[in-house]
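[1] Take this sequence and fold it.
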Amino acid sequence: MHARPAAFLLPAALLLLAGLSGCASRQPVSPRFTYTRAEFREFAATLPPDTADRALAGPARFLELVAGALDAPAGTLLLVDKTRGLERSWTPPDLVDLPRGRLALSKPGLRLRSVVLEDLFAMVDAARAEGIELPVSSAWRSWDTQAALRARALEKQPRGQVDRELAAPGHSQHQLGTVIDFGSIDDSFADTAAGRWLTANAWRFGWSLSYPAGREAETGYRWESWHFRWIGRAGAELVRAFFGDRQQRFLEFLAAGEAGLRAKLRTQDQPASHSAR
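    A predicted model of the protein is given here:
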């Protein structure tokens, strides 16, 4: 049998490669979502450029963490900032008193949502194992408490300064019941052993710094080294690994895209195919 000329084999090889490439683009990138490679590239194009680059480099891990964030208890990942707030009547459903002894509390009566306690206790125990105490100075605040704090601050300080440091009622993350102010609640906290430990380790336990240095234009508030919000371990890892340690960006992403993300979640009767590694 005569060998086929190379001119005939080359187009056939190109067609085969094109077909394989097309199949690859239709492969799902995560066992938790129905995104194909092509669809995920389109989705990534809607993300901030640095986040998109990281997501495209590790789509399976990115989507695994997103699925974990979508599983977070109701109300824990609400976007609360200067333009989006909570009603006066909004109160967390599972507030509990924080236990003295188990935690280093600055005063009695501090409360948080019960869903954060497991990770809070784990974080406190890990710090204590290294000889570091994490003093809890402020926790949940009601709408009315926030209003009173702000009114007192405005009596003593210019509005411009207050606006950089103290949220209006309904616009404080503290109302969510998932936020702690640690230690001295001033800039000196950053240079304490507790402040340094939290900066390095809080994310491992689902806690995230809400107002980083140099991000006031983005968050609306000046740097607060003491203000940590529980967003769950998946959320905290997303913030660290994919959103450049910018909690605000992550929460905005979730608020804008949650419905679309949930629509792409794989249901139990949809078997996963091969996922990207």
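[2] so what are the domain limits for this structure?
    Here the domain assignment for the chain is 30-72+235-266, 95-230, based on automatic domain parsing.
[3] Same list, the ones you listed, but as TSV with mean pLDDT and distance to D81 please.
    Every C-beta, even on glycine, is put in place using the N, C-alpha and C of the backbone. Shown next, in TSV, are the domains of the chain (pLDDT from 0 to 100; distance: least, C-beta to C-beta, whole Å):
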stretch	mean pLDDT	distance to D81
domain 30-72+235-266	97	7
domain 95-230	98	6
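[4] Which among those domains is found nearest to T83?
    Nearest to T83 among these is domain 95-230 (8.1 Å), distances taken as C-beta to C-beta.
[5] Next, the distance between the ends of that closest one.
    14 Å (C-alpha to C-alpha, to the nearest Å).
[6] Using TSV, lay out the domains of the chain together with mean neighbour count and distance to R88.
    Supplementary listing: the domains of the chain in TSV, determined by neighbours: other C-beta atoms under 10 Å; distance: least, C-beta to C-beta, whole Å:
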stretch	mean neighbour count	distance to R88
domain 30-72+235-266	18	21
domain 95-230	17	4
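[7] The stretch 151-277 of the chain: strands as residue ranges?
    Secondary structure of the stretch 151-277 of the chain (DSSP state E, counting those that start in this stretch): strands located at 179-182, 207-209, 227-230.
[8] Go ahead and name everything in contact with the shortest one.
    So that's strand 207-209. By C-beta atoms under 8 Å, 6 or more residues apart in numbering, the list of residues contacting strand 207-209 from outside reads 119-120, 123, 180, 198-199, 202, 224-225, 227-231, 235-236, 239-240, 245, 247.
[9] which ones among those residues are found in helices?
    Helix and strand membership here follows DSSP state H; of the contacts of strand 207-209, those in helices are D119, L120, M123, L198, T199, G235, A236, V239, R240, Q247.
[10] need those residues in a markdown table with distance to A44, can you?
    Compiled in a markdown table, these are given as follows (distance: C-beta to C-beta, whole Å):
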| residue | distance to A44 |
| --- | --- |
| D119 | 29 |
| L120 | 34 |
| M123 | 32 |
| L198 | 31 |
| T199 | 29 |
| G235 | 19 |
| A236 | 21 |
| V239 | 17 |
| R240 | 19 |
| Q247 | 20 |
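[11] Out of the residues you listed, the closest to E155 would be?
    Taking the ones in helices among the contacts of strand 207-209 together and measuring to E155 by C-beta to C-beta, the closest member is Q247, at 30.7 Å.
[12] which one is R222 nearest to, not counting chain neighbours?
    For R222, the nearest residue in space outside its immediate sequence neighbours is R164; the separation is 4.7 Å by C-beta to C-beta, 6 or more residues apart in numbering.
[13] likewise E133?
    If the residues on either side of it in the chain are set aside, E133 comes closest to A104, at 5.2 Å by C-beta to C-beta, 6+ apart.
[14] contacting residues for that neighbour?
    V124, E133, L134, P135, V136.
[15] Would you map the helices across the stretch 101-250 of the chain?
    Under the criterion DSSP state H, counting those that start in this stretch, the stretch 101-250 of the chain carries helices at the ranges 117-129, 143-156, 159-165, 193-201, 216-219, 232-241, 247-264.
[16] Put together a markdown table for the domains of the chain, with distance to V80 on each row.
    Listed next are these as a markdown table, based on distance: least, C-beta to C-beta, whole Å:
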| stretch | distance to V80 |
| --- | --- |
| domain 30-72+235-266 | 8 |
| domain 95-230 | 5 |
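[17] picking up where we left off before, may I see the strands of the stretch 151-277 of the chain organised as CSV, with distance to L251 added?
    What follows is those, written out as CSV (distance: least, C-beta to C-beta, whole Å):
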stretch, distance to L251
strand 179-182, 13
strand 207-209, 10
strand 227-230, 9
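[18] Nearest to S114, out of these?
    For S114, the closest of the strands of the stretch 151-277 of the chain is strand 227-230, at 11.4 Å, according to C-beta to C-beta.
[19] contact partners of the closest one?
    Applying C-beta under 8 Å, 6+ apart, the external contacts of strand 227-230 come out as 76, 116, 119-120, 173, 176, 178-182, 198, 202, 206-211, 247.
[20] Show the end-to-end separation of stretch 131-143, please.
    Taking C-alpha to C-alpha, the span from the opening residue of stretch 131-143 to its closing residue is 36 Å.
[21] And for that stretch, what's in contact with it?
    By C-beta under 8 Å, 6+ apart, the surrounding residues in contact with stretch 131-143 are 86-92, 95, 98, 103-106, 110-113, 123-124, 127, 149, 169-170, 172, 174-177, 179-185, 193-194, 197-198, 226.
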